[in-house]
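Trainee: Mind looking at a prediction? Sequence and model below.
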Amino acid sequence: MTDSQDTGTAASTAAEAPEAPEAPEAPAPAEAPAAPTEGNPVAPAPAGTRTAAEVVTPEIAARLTRGVVGSGRTANHTPFTGEKLADLPESTPDDVATAFERARAAQERWARVPVRQRAAVLLRFHDLVLRRQAEVLDLIQLETGKARLHAHEEVQAVAVAARHYGRKAPAYLGPKRHTGVVPTLTKVTELRHPRGVVGQIAPWNYPFELSIGDALPAFVAGNAVVMKPDTETALTALWAREQLIEAGLPEDVWQVVIGDGPVVGPEVVKHADYVSFTGSTRTGREVAQGAAARLVGVSLELGGKNAMLVLRDADLDKAAAGAVRGCFSSAGQLCISIERLYVHESVADDFLARFAARTKAMRLGNALAYGADMGSLAGERQLQAVVRHVEDAVAKGAELVAGGRARPDIGPFFHEPTILDGVQAPMAVCDEETFGPVVSVYRFRDEDEAVQLANATPYGLNSSVWTKDGRRGRALAARLRTGTVNVNESYAAGYGSVQSPMGGMGDSGLGRRHGSEGILKYTEAQTVAHQRVMPLAPAFGLTDEKYARFMTASLRAMKAFRLR
């Protein structure tokens, strides 16, 4: 997420940052602007496509919000039209405190459930998600505006995480034996205990994956969770909660609070035993300061200005297709999407022609069905950020290769996928995160220059390398200062490989999701050391000097026997 414009990737807790993208009144269909004579085509809506009113009825909204601790009322909206989706409970600081009280009481009972039984809940949830995916795909699309295929990425990611931690949690969390200070005399066991109640502030851009996907390891580790989803995408998180409860999670173990970021966010940080946050770098710093003041742990996945490197030996057709996925999935509203594209000067023109042709052919659409290649931006603030970056770059000399304009004929916040060439400082798009469907193309002479350019940012979240030589690509990847690097893929290979850690360096955050780090962060490590036969002190008549000689000889022997 952009640090200069906090667009609310994670329901901001900053006092000056808005809760979510603005949602104006729905435009009158009869006065919708005509489609431009040139530009990206529109994907037709299949016959019988459901409408927002058919998907989110008052009865469904009431069912999903049951159990939310909120004494006020608010609402969310769909970016496709700007119209209201549902009335929602709104939480006050007192409501947040109540949610933590309920979660804390439930967590003590949940932590006593054997880990294999907790893990079985995740595996049942996995099956429910895949069986009922059409329901959550509709909600994701309506709340975020993204294309259905991009919504399905969230279903895939959640299913993979549920399966992984459902299978591996007992091994991650089980007691582990370690060599003691004196082998055979010192028996050491490492135990893992849940932290208690995890406070989670979840974003709007991937409301399924970055809500329940991050909560699953916390639950299976024995924690309760008080989650603050973004108001505009709360229904998706609440649908996940409903399925997980049906799969066997005790209802009070997962509490949801809804409200303005500046009001509710700090209250979550104030009460939590550990904080999980995904959002902007600016707000992440404030979350970290709040957690540090209470000496509680925190994990932060923050902004990025991610680079893709196309080497001179790359398969240009595959690289161009990968660039489309990397730059324009979810309309570029993805922390690990590509915004800087570095291409070797010998193939730059050829690559750019292929990339531009694919980009111009992308179909935009707002139907609750497969077929569109890209959907809408999330709201007015996102659209304004994209327009500002594009107009500023063009005014300062950048060339518009593709896209470059809003598409109100499709919906109030649609913008064409955009390619800029000739970008340089002081253009805002050069360094600021856009968080939209805009990518800047640069040329490089050799790989050393490419690495230097890619690393010339305070961010370090994701990067991508394209080459026919896998060994060469992996070697170059190791030189890039990002938490994940994908060779011949844009972001999905690294993110989807859930046994491996995923997170950022530098201004892109702290901590990791996925793998052992993604679950052990939700635990407290405890070492139990059992000393047997003799103490670690003079005994059996040994003088201090003889004990010191005995220990010296023992230490030398342990080194000789390669004990660790």
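Mentor: Done, it's in.
Trainee: shaky segments in this structure?
Mentor: 1-32 (pLDDT under 70).
Trainee: and if we set it to 50?
Mentor: 1-30 (pLDDT under 50).
Trainee: How about the contacts made by Asn76?
Mentor: 20, 23, 84-86, 88, 143, 231-235 (C-beta atoms under 8 Å, 6 or more residues apart in numbering). All C-beta atoms are positioned from the backbone trio N, CA, C, and that covers glycine.
Trainee: Inside strands: which ones of the residues you listed?
Mentor: With DSSP state E as the criterion, strands contain 84-86, 88 from among the contacts of Asn76.
Trainee: Can you turn the buried part of the contacts of Asn76 into a ChimeraX selection?
Mentor: Burial among the contacts of Asn76 is assessed by 16 or more other C-beta atoms under 10 Å; the matching ChimeraX selection reads:
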select :20,23,85,86,88,143,231,232,233,234,235
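Trainee: Relative to Gly379, which of the contacts of Asn76 is nearest.
Mentor: For these, the closest approach to Gly379 (C-beta to C-beta) belongs to Ala23, at 5.9 Å.
Trainee: ok, now which ones touch Tyr505?
Mentor: No Tyr there; residue 505 is Met. Here Met505 is in contact with 460-461, 481-483 (C-beta under 8 Å, 6+ apart).
Trainee: likewise Val225?
Mentor: Val225 makes contact with 103, 197-200, 215, 218-219, 253-255 under the criterion C-beta under 8 Å, 6+ apart.
Trainee: how about the strands of the stretch 101-250 of the chain, start to end?
Mentor: 176-179, 186-194, 197-201, 224-228 (DSSP state E, counting those that start in this stretch).
Trainee: Ignore what I typed, I meant the stretch 251-400 of the chain.
Mentor: Applying DSSP E, counting those that start in this stretch to the stretch 251-400 of the chain gives strands spanning 254-256, 274-278, 297-301, 306-310, 338-344, 399-402.
Trainee: next SSE after the helix or strand encompassing Glu54?
Mentor: For Glu54, the element it lies in under DSSP states H and E is helix 52-55. Counting by DSSP H and E, the next helix or strand C-terminal to helix 52-55 is helix 58-64.
Trainee: Which strands and helices lie in contact with that next one?
Mentor: Judged by 3 or more C-beta pairs under 8 Å, 6 or more residues apart in numbering; DSSP states H and E, helix 58-64 is in contact with strand 84-90, helix 234-247.
Trainee: Just the buried positions in it, please.
Mentor: Buried residues in helix 58-64 (16+ other C-beta under 10 Å): 61, 64.
Trainee: quick one on the thing from earlier: and of the strands of the stretch 251-400 of the chain, who's closest to Ala560?
Mentor: Short answer: strand 297-301, nearest of the strands of the stretch 251-400 of the chain by C-beta to C-beta, at 39.5 Å.
Trainee: got the angle between the longest helix along the chain and strand 186-194?
Mentor: In the chain, with assignment by DSSP state H, the single longest helix is helix 148-173. Angle of helix 148-173 versus strand 186-194, following axes from the mean of the first three to the mean of the last three C-alpha atoms, to 10 degrees, is 150 degrees.
Trainee: Off-centre distance for helix 148-173?
Mentor: How far helix 148-173 lies from its chain's middle: 13 Å, per C-alpha atoms, centre = their mean, to the nearest Å.
Trainee: Next: stretch 252-269.
Mentor: Centroid separation for stretch 252-269 versus its chain: 18 Å, with C-alpha atoms, centre = their mean.
Trainee: So what would you say the end-to-end distance of it is?
Mentor: One end of stretch 252-269 sits 19 Å from the other (C-alpha to C-alpha, to the nearest Å).
Trainee: which secondary structure elements does the longest helix of the chain contact?
Mentor: With contacts taken as 3+ C-beta pairs under 8 Å, 6+ apart, helix 148-173 sits against helix 115-131, helix 133-144, helix 212-220, helix 492-496, helix 515-520.
Trainee: For Thr92, find the nearest of the strands of the stretch 101-250 of the chain.
Mentor: Proximity to Thr92 (C-beta to C-beta) singles out strand 224-228 among the strands of the stretch 101-250 of the chain, at 12.7 Å.
Trainee: re the thing from before, and the strands of the stretch 251-400 of the chain: which comes nearest Tyr495?
Mentor: Of all the strands of the stretch 251-400 of the chain, strand 297-301 sits nearest to Tyr495, with 10.9 Å by C-beta to C-beta.
Trainee: mind checking how far that closest one is from the chain centre?
Mentor: Distance of strand 297-301 from the chain centroid (C-alpha atoms, centre = their mean) equals 12 Å.
Trainee: what's the helix holding Glu54 in contact with?
Mentor: So helix 52-55 is contacted by 78, 80-81, 83, 85, 138-139, 142, 368 (C-beta under 8 Å, 6+ apart).
Trainee: CA-only coordinates of the strand or helix carrying Glu545, as PDB, when you get a sec.
Mentor: Element membership of Glu545 [criterion: DSSP H and E] is helix 544-560. Output of helix 544-560 as PDB, limited to C-alpha atoms (Å, rounded to 0.1, in the frame of the first residue of the first chain):
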ATOM      1  CA  ASP A 544      35.300 -25.600  43.100                       C
ATOM      2  CA  GLU A 545      38.600 -26.100  41.300                       C
ATOM      3  CA  LYS A 546      38.000 -29.700  40.500                       C
ATOM      4  CA  TYR A 547      34.500 -28.900  39.300                       C
ATOM      5  CA  ALA A 548      35.900 -26.300  37.000                       C
ATOM      6  CA  ARG A 549      38.400 -28.800  35.600                       C
ATOM      7  CA  PHE A 550      35.600 -31.400  35.100                       C
ATOM      8  CA  MET A 551      33.500 -28.900  33.200                       C
ATOM      9  CA  THR A 552      36.400 -27.800  31.100                       C
ATOM     10  CA  ALA A 553      37.200 -31.400  30.100                       C
ATOM     11  CA  SER A 554      33.500 -31.900  29.400                       C
ATOM     12  CA  LEU A 555      33.200 -28.900  27.100                       C
ATOM     13  CA  ARG A 556      36.300 -30.000  25.100                       C
ATOM     14  CA  ALA A 557      34.800 -33.500  24.700                       C
ATOM     15  CA  MET A 558      31.500 -32.100  23.500                       C
ATOM     16  CA  LYS A 559      33.300 -30.100  20.800                       C
ATOM     17  CA  ALA A 560      35.400 -33.100  19.800                       C
END
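Trainee: Can you list the buried residues in that helix?
Mentor: Across helix 544-560, burial judged by 16+ other C-beta under 10 Å covers Tyr547.
Trainee: and for it, what are the contacting residues?
Mentor: The contact list for helix 544-560 (C-beta under 8 Å, 6+ apart) reads 182-183, 537-539, 542.
Trainee: ok so, going back, using a markdown table, please lay out the strands of the stretch 101-250 of the chain together with distance to Ser490.
Mentor: Below are the strands of the stretch 101-250 of the chain laid out as a markdown table (distance: least, C-beta to C-beta, whole Å):
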| stretch | distance to Ser490 |
| --- | --- |
| strand 176-179 | 37 |
| strand 186-194 | 35 |
| strand 197-201 | 26 |
| strand 224-228 | 29 |
